[in-house]
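1. Provided below are the primary sequence and the corresponding predicted coordinates.
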Amino acid sequence: MSAANPAAPTSLRNDATVISLVGFAHGTSHFFHFVVPPLFPYLMAQFGLSFTQVGALMTTFFVVSGIGQALAGFVVDRFGALRVLYGGMALLACSGLALASAASYPWLMAATAIAGLGNSVFHPADYTLINRRVSTARLGHAFSVHGLSGSLGWAAAPVFVLALAEVWGWRAAGLGASVVGFAALALLFLNRGRLEIAPLPTEHAPKKGGSFAFLGTGVVWMCFLFFVLTVMAFGGLQNFAPPILERTYGVTLAAATTALTAYLLGSAGGIATGGFLASRGEGQEKLIAGALGFGALCALLIASGGVPGWTLAALMALMGFGVGLAGPSRDMLVRRAATSTFGQAAFGRIYGFVYSGIDTGLAIAPIAFGMLMDSGRFAQVLWGVAALQVLAIGAAMLVGTRSRSST
């Protein structure tokens, strides 16, 4: 059976079902990434907060998520991906309730910490399910859908949250997010038979070293660094793009928010396209470098302040496309590092650690860029985004070289 032998081909229908369910779960986790940032203006007015203080809410989310994710991988390997996924989704749903009832800034911190703990399980659980339940020939598309669903979750959250906040207030937005989380949990439970995986036979046990042996592998650390750099760049846009564009170009807040949505949708399009390219050969790092270089160029054009305001949405969409295009190839590189050295049984811990780089980058970005925002240096955030993307290109090339040498 496919549950016992990850390489065995399974039916298209089975693969599509698993990919869809895991993708929906991932999209829900990304939805919760973006519940609080659209509410920044409401929370700042309600509690008298600065940009740095509201940015620290998201830092709390991603610090908890990053630490939790590195540990969650071991829990997934030990107790199974599906049960861990249930727990994470339940915590996300409860975080919405905590947000809706918040009466102080520390309470807001607690709500984001609960959400961060829930978010921590998704990458190790999701990628373990994908690698164990999806045919090898369809992994590129599985990684593409996984990333695409995350981008769609990001894109849906601001629209959903702001619509509720504008009509019924920011507390109603928290309640609405909670409903989304509980509905997703119910869907996963009702389809649990499609996602359960059997224990691995002994030949899939880690090939060498103990449980922490992967920490001594250079390619694992380079993957971690790559995520930190790329996601810090995204974090600057995720949290502050609307006020940056509004104050740099004099466009309306609605137009600036539309440009951010265009970035997220462009990223989704890039991820969908990248799925067709990820499985072609072993030169994924070259595709990543070209895609991120294109994204950095778009960021530099926007940071210059010299482009017409009406082009912002298009440039943001193109930047998002470039960054998204690199996503599936990135996931294939991580899979190669995991399977070549440590075996199938180490999927959870390796994916958990490497993808905690996402949380690390998103934890640093709000504070670092928030200080620039508070000092009025809005365009410098965009210059920083471009610089981080350029640095990530170098990391991607090293990942490609080292991952090939370990096979």
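-> Perfect, I can see it now.
2. Tell me where the stretch 151-300 of the chain has helices.
-> Assignment of helices within the stretch 151-300 of the chain using DSSP state H, counting those that start in this stretch yields the ranges 170-190, 192-195, 218-249, 253-277, 284-303.
3. for these, which one ends up most surrounded?
-> The highest mean neighbour count among the helices of the stretch 151-300 of the chain belongs to helix 218-249 (a mean of 24), with neighbours defined as mean count of other CB atoms under 10 Å. C-beta: built from backbone N, CA, C; applies to glycine.
4. Next, the buried residues of stretch 314-329.
-> Residues of stretch 314-329 classed as buried under the neighbour-count rule (16 or more other CB atoms under 10 Å) are 315-329.
5. for stretch 81-92, same thing?
-> Buried residues in stretch 81-92, counted by 16+ other CB under 10 Å: 81-82, 84-89, 91-92.
6. could you dump those residues to JSON lines with distance to Ile302, pLDDT and secondary structure?
-> Formatted as JSON lines, the buried residues of stretch 81-92 follow (distance: CB to CB, whole Å; pLDDT from 0 to 100; DSSP: H, G, I helix; E, B strand; the rest coil):
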{"residue": "Ala81", "distance to Ile302": "39", "pLDDT": "88", "secondary structure": "helix"}
{"residue": "Leu82", "distance to Ile302": "42", "pLDDT": "92", "secondary structure": "helix"}
{"residue": "Val84", "distance to Ile302": "39", "pLDDT": "93", "secondary structure": "helix"}
{"residue": "Leu85", "distance to Ile302": "37", "pLDDT": "95", "secondary structure": "helix"}
{"residue": "Tyr86", "distance to Ile302": "41", "pLDDT": "96", "secondary structure": "helix"}
{"residue": "Gly87", "distance to Ile302": "40", "pLDDT": "95", "secondary structure": "helix"}
{"residue": "Gly88", "distance to Ile302": "35", "pLDDT": "96", "secondary structure": "helix"}
{"residue": "Met89", "distance to Ile302": "36", "pLDDT": "97", "secondary structure": "helix"}
{"residue": "Leu91", "distance to Ile302": "36", "pLDDT": "97", "secondary structure": "helix"}
{"residue": "Leu92", "distance to Ile302": "32", "pLDDT": "97", "secondary structure": "helix"}
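7. Looking at those residues, which is nearest Phe227?
-> Using CB to CB, Gly88 is the member of these that lies nearest Phe227, at 19.1 Å.
8. For that closest one, list the residues it contacts.
-> Residues near Gly88 by CB atoms under 8 Å, 6 or more residues apart in numbering: 29, 72, 117-122, 125.
9. So which of the helices of the stretch 151-300 of the chain is nearest Val134?
-> With CB to CB as the criterion, Val134 lies closest to helix 192-195 of the helices of the stretch 151-300 of the chain, at 11.2 Å.
10. re the thing from before, most neighbours out of the contacts of Gly88, which is it?
-> In terms of neighbours by other CB atoms under 10 Å, the contacts of Gly88 top out with Ala125 at 33 neighbours.
11. Isn't that one up against Ala81?
-> Yes. Between Ala125 and Ala81 there is a contact under CB atoms under 8 Å: 4.2 Å.
12. Give the next helix or strand downstream of the one helix or strand in the chain whose mean pLDDT sits lowest.
-> Of all helical and strand segments in the chain, the minimum by mean pLDDT, DSSP states H and E falls on helix 327-341, at a mean of 68. Per DSSP states H and E, the first helix or strand lying C-terminal to helix 327-341 is helix 347-374.
13. Okay, buried residues for that following helix please.
-> For helix 347-374, the neighbour count (16+ other CB under 10 Å) marks 347-366, 368-370, 372-373 as buried.
14. Report all helices and strands that it contacts.
-> helix 51-79, helix 122-133, helix 218-249, helix 327-341, helix 378-405 (3 or more CB pairs under 8 Å, 6 or more residues apart in numbering; DSSP states H and E).
15. possible to save the helices of the stretch 151-300 of the chain as JSON lines with mean pLDDT?
-> Shown next, in JSON lines, are these (pLDDT from 0 to 100):
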{"stretch": "helix 170-190", "mean pLDDT": "96"}
{"stretch": "helix 192-195", "mean pLDDT": "86"}
{"stretch": "helix 218-249", "mean pLDDT": "83"}
{"stretch": "helix 253-277", "mean pLDDT": "84"}
{"stretch": "helix 284-303", "mean pLDDT": "84"}
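16. Adding distance to Thr136, write these out as TSV.
-> Shown next, in TSV, are those (distance: least, CB to CB, whole Å):
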stretch	distance to Thr136
helix 170-190	24
helix 192-195	18
helix 218-249	20
helix 253-277	14
helix 284-303	16
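17. Tell me which of those sits nearest to Val63.
-> Within the helices of the stretch 151-300 of the chain, the stretch nearest Val63 is helix 218-249; the backing value is 12.6 Å (CB to CB).
18. quick revisit: out of the buried residues of stretch 314-329, which are inside strands?
-> Applying DSSP state E to these, no entry is found in strands.
19. Ala177: which of those is nearest?
-> The closest of the buried residues of stretch 314-329 to Ala177 turns out to be Gly320 (CB to CB; 23.3 Å).
20. doesn't Thr273 make contact with Gly140?
-> No. If you go by CB under 8 Å, Gly140 and Thr273 don't touch, sitting 11.4 Å apart.
21. give me the number of residues near Gly66?
-> Neighbour count of Gly66, defined by other CB under 10 Å: 25.
22. Check Gly250 too.
-> Gly250, neighbours per other CB under 10 Å, totals 10.
23. Now for the closest residue to it other than its chain neighbours: which residues touch it?
-> Leaving aside its sequence neighbours, Gly250 sits nearest to Gly309 (CB to CB, 6 or more residues apart in numbering; 6.9 Å). Going by CB under 8 Å, 6+ apart, Gly309 touches 249-251, 255.
24. Great, nothing more from me.
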